[in-house]
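[1] starting from these lines, generate the structure:
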Amino acid sequence: MARALFEGERDFLANSANLAALLYHSLPELNWAGFYWLHGEELVLGPFQGKPACVRIPVGKGVCGTAAAERRTVIVPDVNAFAGHIACDSASRSELVVPVMLARPGGRLLGVLDLDSPRKERFTEEDATALESVVRTFVEATDLG
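    From the prediction side, this is the model:
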């Protein structure tokens, strides 16, 4: 489904905005879906769907910053049990964050895709694998750098 969304369009802003909307409106039990883009040592809010969000997150802080620092997908079944969780929306109970990286070996970190849910234990390893694939499709289809 995401591949068709990007057909004929390579613009970074357009593709990230449409992907955030697609995920938010097609995956059940989400209250936030969007991107944070790396600027120096901070992740800065990008296109998203949901309530207004934290604008800047230091790399290494919170779930998004941890995923960025460790360059790996992070699933948090209960955000209240995650030390250092940054609560942008008090309704969020679980979170999944996927790093967005250039595909080249040793690829450069560009940012993260962040999904939040009002339900504890909403995200599974299968969700993570599927979203990693979606992010790879996004990177291949988009002019990122």
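[2] dump the residue contacts of Ser16.
    For Ser16, the contacting residues are Phe35, Gly46, Pro47, Phe138, Thr142, by CB atoms under 8 Å, 6 or more residues apart in numbering. (Each C-beta comes from the backbone N, C-alpha and C, glycine too.)
[3] can you pull out the helices in this protein?
    Counting by DSSP state H, one finds helices in the chain at the ranges 2-6, 12-26, 62-70, 125-141.
[4] to Arg119, which of those lies closest?
    With CB to CB, the closest approach to Arg119 among those belongs to helix 125-141: 12.5 Å.
[5] chain neighbours aside, what residue packs nearest to Glu9?
    Nearest residue to Glu9, sequence neighbours excluded (CB to CB, 6 or more residues apart in numbering): Asn15, at 6.1 Å.
[6] before we move on, what about Arg108?
    Nearest one to Arg108, counting by CB to CB, 6+ apart, is Leu102 at 4.9 Å.
[7] number of residues surrounding the one you found?
    By the other CB atoms under 10 Å criterion, the neighbourhood of Leu102 contains 13 residues.
[8] any idea of the pLDDT on it?
    With respect to pLDDT, Leu102 scores 91.
[9] that one and Arg93: what is the separation?
    Distance, Leu102 to Arg93, using CB to CB, to the nearest Å: 32 Å.
[10] mind listing what the residue nearest to Arg108 touches?
    Arg108, Leu110, Val139, Leu144, Gly145.
[11] quick one: contacts for Ser117?
    Here Ser117 is in contact with Glu29, Leu30, Asn31, Ser92, Arg93, Ser94, Glu95, Phe123 (criterion: CB under 8 Å, 6+ apart).
[12] appreciated, that's everything.
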